[in-house]
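Undergrad: Provided below are the primary sequence and the corresponding predicted coordinates.
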Amino acid sequence: MSVLREIVMGSGLVSVLAVVAALVLGGLLIASTDERVGRTVGYLFARPTDFLSAFWKAATGSYAALFQGAVFNPREGFAPLLETLTVSTPLICAGLGVALAFRAGLFNIGAQGQIIIGGTLAAYAGFAWHLPAGLHLLLVIVLGVAGGAVWGGLVGYLKARTGAHEVILTIMFNYVALYLLDFLLNTSAFQRPGETNPISPRLDETAVYPALSGSRLHLGFLAAILLTVAVWWILNRSTVGFEFRAVGANPDAARTAGVDVGRATVLVMALAGALAGAAGVAQVAGTEKVLTTGVAASYGFDAITVALLGRSTPWGTFAAGLLFGAFRAGAVQMQIQTGTPIDIVLVVQSLIVLFIAAPPLVRSLFGLGRGARKRAAQAREGADQPATATTTGGNA
Amino acid sequence: MKLELQGISKAFGSFYANQDIDLTVEDGQIHCLLGENGAGKSTLMNVLYGLYEPTAGHILVDGKPVVFRGPGDAMAAGVGMVHQHFMLVPVFTVAENVALGAEATRGAGLLDLEVTRQRIREISAKYGFHVDPDALVEDLPVGVQQRVEIIKALVRDAKVLILDEPTAVLTPQETDELLDIMRQLKAAGTSIVFISHKLREVKAVSDVITVIRRGRVVGEAPPSAPPADLAAMMVGRPVSLTMDKAAAQPGESTFEVEDLTVTAPNGTKAVDGLSFRIARGEILAVAGVQGNGQTELTEAILGLQPHVSGSVRLEGRELLGRSVKEILRSGVGFVPEDRTVDGLVGSLSVAENLVLDLYDREPYARGLAMRPAEVRANAARRVEEFDIRTPSPEAAAGTLSGGNQQKVVMARELSRPLKLFIASQPTRGVDVGSIEFLHRRIVAERDGGTPVLIVSTELDEVHALADRIAVLYKGRLVGIVPAGTPREVLGLMMAGVTPDRAEAAATAREDALEDNGSDYDGGAL
Amino acid sequence: GCGAAPESSGPEASATDFTGCIVSDSGGFDDQSFNQSSYEGLKKAESDLGIEVKQAESKSNNDFATNLNGMVSAGCDLTVTVGFLLGDATKAAAEANPDSHFTIIDFAYEKPIENVKPIVYDTAQAAYLAGYAAAATSKTGKVATFGGMKIPTVTIFMDGFADGVEAYNKAKGKDVKLLGWNKKSQDGTFTGDFEKQDKGKQFTQNFLDQGADIVMPVAGPVGKGAGAALKQAKAAGKDVSLVWVDSDGYLTAPDYKDLMLTSVMKKMGEAVETVVKDDTEGKFSNEPYIGTLENDGVALAPFHDYESKVSEETKAELEQLKKDIIDGKITVTSQASPKK
Amino acid sequence: MSAAAPAATAPATASAAPVSWKVPATLSVLAAVALVVFGLFGSAQTAEFGISVSGDAFALPPVRVPGMATSLVLGVVMAALAAYSVRLKLAGRPTPGWAGPVFAVLFVFSFLVWVVASARTPSISLAGLIAGAVTLAVPLVFGSLSGVLCERSGVVNIAIEGQLLGGAFSAAIIASVTDSPALGLVAAALAGALVSMVLAAFSIRYLVNQIIVGVVLNVLVSGLTGFLFTTVMQEDPELFNSPGRLPIIEVPVLSAIPILGPILFKQSVVGYLMYAAVILVWVGLFKTRWGLRLRAVGEHPKAADTLGIKVNATRFWNVTLGGAIAGIGGSFFTLVAIDSFTKEISGGRGFIALAALIFGRWNPIGAFFAALLFGFADNLQAILTIIGTPVPSQFMAMMPYLVTVFAVAGLVGRSRPPAAEGIPYVKG
Ligand SMILES: Nc1ncnc2c1ncn2[C@@H]1O[C@H](COP(=O)(O)OP(=O)(O)OP(=O)(O)O)[C@@H](O)[C@H]1O
Ligand SMILES: Nc1ncnc2c1ncn2[C@@H]1O[C@H](COP(=O)(O)OP(=O)(O)OP(=O)(O)O)[C@@H](O)[C@H]1O
Ligand SMILES: [Mg+2]
Ligand SMILES: [Mg+2]
């Protein structure tokens, strides 16, 4: 809804300009460290065209590669787009988890740990048990989602019971989950027979998401779409979602209206964990098909940005997940083709988020200025984010 | 100091909150501003205090034009202001609040609070305030907080003191004391701009009255002008100042509170051994100064308070120990005292707020799924019925004006079959027209046979609605008196004096009180 | 910038049209460990043999397959992959592209793959010598080791080191203690990652507090933390030393060279370069390469500044031990040793 | 004057507070654990605690205590305390404030005796344990002080990690290029301040959600430093990544005091700065005009505004100052701990600092002790793996995080953040 409204309200243009501004800044950075540019700068005044063309080539070359890796290239057609969808799957799932919690006024930094626990259980079910197709995958999914739900729900429970701050709890639980996984991967139950490397056996063929032939895109992406719909339904059409939004925006009023805020806290954290758990499933049963300590990569943290960029709405998160997926997929190609360090993508990504979040800045950059502060104020009021969630200290 | 406002206009977008206002406050004068809700009084004062930049017009101090770029400038020029909503940092001590912005330091920026404490003691002694400089503001009763605000202005040597609705939260006694203080300040040469909706006070203390309507000055009046004339000037039409309702037809007592005790988190008993009953078709109004246990009483009935003992029975069923949801389901309607905190979720739509405590019941939900069509239909009905002024039912509730927000809460709570209706401050910050409407709805609920519990700090409202009046003081029931009990008696009861002694004292006071102060008893304005 | 412009800037001609590529694991090419060593080997091949080099750093495990596919489509003749984590991805890429060659560092397959050459190391052999040397040099009778994470390529160092200390104790009837690793329970002290260098420093400080005077960090960049702690202790007058791993620390971590008793070298760069060279000459084979003391794939680095501090007797014993290991008279065992 | 003026003070009818079972119950459970696990099932070995490190002026002999007996005695004392707390609860009175800390110290001691006595080598250096705890806490303390300043003035600071990392990077590169670690320190402060300024500008000027800005800044700084590390530093480490180290400055005589000497009088400039910063921020916040105004804009910006205080300027500069402090904390990694930069060298410590700041209830001293607790737990687990515990190393590594969860959930509970935190101030 907010995406649509944005376009209608003309901030779609601002979003495009934000991306442009970020790309330009990133391009400056790429070019400024490029070897050829460095050489031409030595005789900048003698022959400035060399410098400029080197500069232009460095920046556009990188971005062309990025595009080819993420969307389309002449050789493979739209195959890269499938890769983008693949990479965005865990981002969307975990992002939904963060967004859902955020709508209920909770800042869930714990997606990382929830992915790990979900992925661990899912993977174990996938390689240790041998079951018929269908049933096996179903069990993998259920266990993964349940694992994430428990890990998230535990935070919700502690918060509801003791008032401990969810930011502290989720940060700590991330570490605990990681070390737990590290421990498990050092036990023979999780290792390949005859090996001592901390890597699990491959999941059974019956336990993994079927993939689109010729690509890595797997059924987990469909799950991500379904989850987006589900989260949209929960938030906008269900009674629990109504509770979450009420609690998130004004816990006092919610309590007065008979909502059990403690129960809502546990429930929303469990659901958030379940979504992150689904991201874990997408990892082990979708792309990697094994369990290692790197199962969560940095998806749990990227999910925060994805959710916030998507203004914590389900479809916004979905779109932001796709955008980030495209960047990740493209970055790989960019690195291979032009040798541009992959870290630059992080820079461009974060610049885009900053610019998109601050329309007045973009407007003034492009000379579209009009009442910057006032519009920013309105944008903020219009944003679907609850006020309480913007503090690290709300004791909802 | 003489203060002149010449041709002041203040626009918010295309809306003019003040238009071409001229106002002169003479040296040592108490100048009163009257006007209904939203007339533009606070806006004008904020302009005067440098918080808003006027769209047009000048301010002159002792004949010389000045420009206030911020409150700092205004304070430097000798203008002090006590805001309608207190501007105190709750977690600071009195001394810290007073020092803020004009701190005494001992070199290197180190605070010298002793200097401030000394000043506070001096001022307290001079005007008879009893303020402990080291008390935390959040622990203080509102009356004392208000004195802190006044001290803040006096410490800064204010020559003109703006008091924006200072009496709204005070007991009659506290109000009298404040009026005394104002007279003393005036005697010491301070000019005062005084804003109040209560004609009794205005008439008692002011030297001159200016009436504002819809952002414009509509006239001046001497303090001797009859109240009905002043009210008509404010609203622009003749107003009936009394609420007429049929006598109550009480049935059996279905709501019984027995020995109710609520322990606050800090260990004090916020409600202490309270017992009373309310019959069907009867309104019991609880009067008392804010902070004497009214909040805790209503919250305890609704199941919002954690440490409660005693018994609360509705139609024979014990409510204590049940969840809020169960209590609401058993037919309790509840209007909390602060609509923005407890009554509404500002970022949700009006339609959603209208089902805030019904969202998971038929017809608004079936199982887990909500039914938006039903929610919308309900909203359309209530908006119509309660005349809620909103651009659309989908508008965020937080964007409505205060009066309309209150109507949303009332509409929600009165729109289902009730066995008990509880409302705290049902018309706080609401304009005359809406007050009339809401009061009629409450009385209608009573006449439908529902026991009604009203909590209000406005004696006018208590008088308008109550069939019986209970007064709370420090969590205890001082007494339950009949509807017609004079406000002086109630005032004394609100300070803890038992009804019989209060009656005696009130008679004595009445004789001492100034001229026509007591013949005017109603007046919701 | 106001130099003169060059007249023409033609592309550097490459000597061959061989493209050598490398895909890192998530440690990246500056991990000061196996990714970096392998990468440097490839870069050396670039300058020595004139091959073209492409590299792809993996940020996460998800990137492995993409990076490998990218390399194949970029026309790589030989792709180096680093670490056991890339095992599955390398296998998949190799099977899908039978005409391309691959070599994987620190991992060997149960069943050999036609076009993948595993490069593995029996690091414990060299670590054994280091453990012996450390035990013989320790004044306090306590030596220590710690790891970054508990993975076989790390613990194999610690196992060998432990055996070396044990061998010294047995030979001399001494009781030199090893802190930070218990070979029997296969557990010990780990900093938890390969990032927090200050933690490496603090851990080393703890070892010193517990009386150790020689420390072998097996933790990539975190090893620098150990160096820093020891340097500080030395400045405070303590007689402490460092055992470096992977490369000869005397050369690669010059900051700490005066602390460097020796290093347990695992010559990945050389191996990579050799494999590349062989491949350019058409001599690629999928025969696993196992670095041992015998083929000098692993080795104890020279003592450099410590030459005079290590007794001749010890040096002779180390020579003998090395010979015995090569001859198979001594077998250094570790769970993590490559299977022959 | 009104004759009937009642004394206008807060109604303070002291009566039975609703004392919760939380404290008595927690104490009872812990006392039982101490008695049974540490005492009855403890090892009878003698535990040895070194309290002097070589170099101390008056080297004290190590303290040796019999494991089981000591734990039993301590356990009995704890049980007595718990019983006292339960009795008070039954009488409707709260447990006195001193009981908690005393109990905590006893418990930690009992725990130490137990683990040390049951280790393979039952001996640890207490001095080293504590000194190491402080060392590990240094960046955390700086980070949480940054958080204190930002959040006390009303701006949520999730960007501590980015500030630490930015500080570490700039310190390394500037100190390398200029050959002056001191300049590196200045650069670190500037870099941290710069990160903070972006946070401040976006959240104050453009009213962007402060959490978004914080999260994104962490990614931005991580990407930027990673990129520059690869493209610049790695190209010529001699020139760009060899900052040299800030010296350890020993105060003669005092540094030789057992246990306290090394932590107070044998530190780098950054270490001393840490103590100075904690004290200065505390004094500044609670005893100066600056602090009063800072807290006012974080609690009730409108009130501050009506008193002529420039809310947004106050926020902006204090957020910037906070960033500078975190930046200095970041320089600890590259100028004190070791002397070079690598990617992600801050390793997530910004988030631990965030936790410490909340745990310490937005108070500099509280945050300091919270960070110290974390450092203590972290160092303790390291030492325990060194002396050989039967617990797997991964579980030992979890210890600091579990201790934090326990402390926050079991003992601290709800904490009250500055009221206006996270809410941009728009005038009028
Ligand atoms: N910041 C603002 N933006 C837009 N409109 C405003 C703003 N402040 C006040 N107004 C409008 O200006 C009018 C005057 O408001 P003001 O607060 O001055 O009324 P008032 O006379 O003090 O009323 P009350 O008796 O309720 O205090 C109202 O209609 C209000 O909605
Ligand atoms: N800050 C603001 N920005 C925009 N509109 C505002 C603002 N404040 C008030 N308004 C609008 O001004 C109108 C009047 O608001 P206000 O609450 O002051 O009215 P009021 O006259 O006091 O009404 P009521 O008597 O119902 O309380 C409302 O429509 C409200 O939406
Ligand atoms: Mg109003
Ligand atoms: Mg007003």
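TA: Thanks, I have it. Ligands and ions are numbered 1, 2, ... in the order given.

Undergrad: show me what counts as buried in stretch A:140-153.
TA: With burial defined by 16 or more other Cβ atoms under 10 Å in any protein chain shown, the residues of stretch A:140-153 counted as buried are A:140-141, A:143-153. C-betas here are computed from N, CA, C, even on glycine.

Undergrad: packing partners of the helix or strand that contains B:S124?
TA: Using DSSP states H and E, B:S124 falls within helix B:113-127. When contacts are defined as 3 or more Cβ pairs under 8 Å, 6 or more residues apart in numbering or on different chains; DSSP states H and E, helix B:113-127 packs onto helix B:94-99, helix B:142-155, helix B:172-187.

Undergrad: what sits up against the helix or strand following the second one?
TA: What it means is helix B:142-155. Where DSSP H and E defines the elements, the next helix or strand beyond helix B:142-155 is strand B:160-164. Contact with strand B:160-164 is made by B:1, B:3, B:25, B:41-42, B:45, B:48-49, B:78-84, B:150, B:153-154, B:182, B:185, B:190-195, as judged by Cβ atoms under 8 Å, 6 or more residues apart in numbering or on different chains.

Undergrad: can you map out the helices along chain C?
TA: In chain C, the segments counted as helices under DSSP state H are C:34-49, C:63-73, C:87-96, C:123-137, C:152-172, C:197-209, C:222-235, C:249-252, C:268-280, C:312-327.

Undergrad: next: the stretch 51-200 of chain A.
TA: A:79-103, A:111-128, A:135-162, A:166-184 (DSSP state H, counting those that start in this stretch).

Undergrad: which of the helices and strands packed on helix B:113-127 has the highest mean neighbour count?
TA: Of the helices and strands packed on helix B:113-127, the one with the most neighbours on average (mean count of other Cβ atoms under 10 Å in any protein chain shown) is helix B:94-99, at a mean of 26.

Undergrad: and that one, does that touch chain D?
TA: Yes. Using Cβ under 8 Å from any Cβ of the partner chain, helix B:94-99 comes into contact with chain D via B:96-97, B:99.

Undergrad: surely A:V145 is in contact with A:A278?
TA: Yes. With contact defined as Cβ atoms under 8 Å, A:V145 reaches A:A278; the gap is 5.5 Å.

Undergrad: got the contact list for the helix holding B:S124?
TA: Residues from elsewhere that reach helix B:113-127 (Cβ under 8 Å, 6+ apart): B:94-96, B:98-99, B:103-104, B:129-131, B:133-134, B:151, B:154-155, B:181, B:184-185.

Undergrad: please compute how far it lies from its chain's middle.
TA: What separates the centre of helix B:113-127 from the centre of its chain is 29 Å, taken as Cα atoms, centre = their mean, to the nearest Å.

Undergrad: report the angle between that helix and helix B:172-187.
TA: Angle, helix B:113-127 to helix B:172-187, by axes from the mean of the first three to the mean of the last three Cα atoms, to 10 degrees: 100 degrees.

Undergrad: now the angle from helix B:113-127 to helix B:142-155?
TA: Using the same axes, to 10 degrees: helix B:113-127 against helix B:142-155 is 110 degrees.

Undergrad: pull up the residues of chain C that are close to ligand 1.
TA: Proximity of chain C to ligand 1 (Cβ under 6 Å from any ligand atom) involves no residue at all.

Undergrad: could you find the closest non-adjacent residue to the residue nearest the centre of chain C?
TA: For chain C, the residue sitting closest to the mean C-alpha position, by Cα atoms, centre = their mean, is C:D246 at 2.9 Å. Excluding its sequence neighbours, the residue lying closest to C:D246 (Cβ to Cβ, 6 or more residues apart in numbering or on different chains) is C:K266, at 5.3 Å.

Undergrad: would you confirm that that neighbour contacts C:L293?
TA: No. Using Cβ under 8 Å, C:K266 makes no contact with C:L293, being 11.4 Å away.

Undergrad: out of the two, which sits in the more crowded spot?
TA: C:K266 (28 against 20; other Cβ atoms under 10 Å in any protein chain shown).

Undergrad: before we move on, back to that, reformat the helices and strands packed on helix B:113-127 as JSON lines; add mean pLDDT and distance to chain A.
TA: JSON lines is the format used below for the helices and strands packed on helix B:113-127 (pLDDT from 0 to 100; distance: least, Cβ to the nearest Cβ, whole Å):
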{"stretch": "helix B:94-99", "mean pLDDT": "94", "distance to chain A": "21"}
{"stretch": "helix B:142-155", "mean pLDDT": "86", "distance to chain A": "20"}
{"stretch": "helix B:172-187", "mean pLDDT": "85", "distance to chain A": "28"}
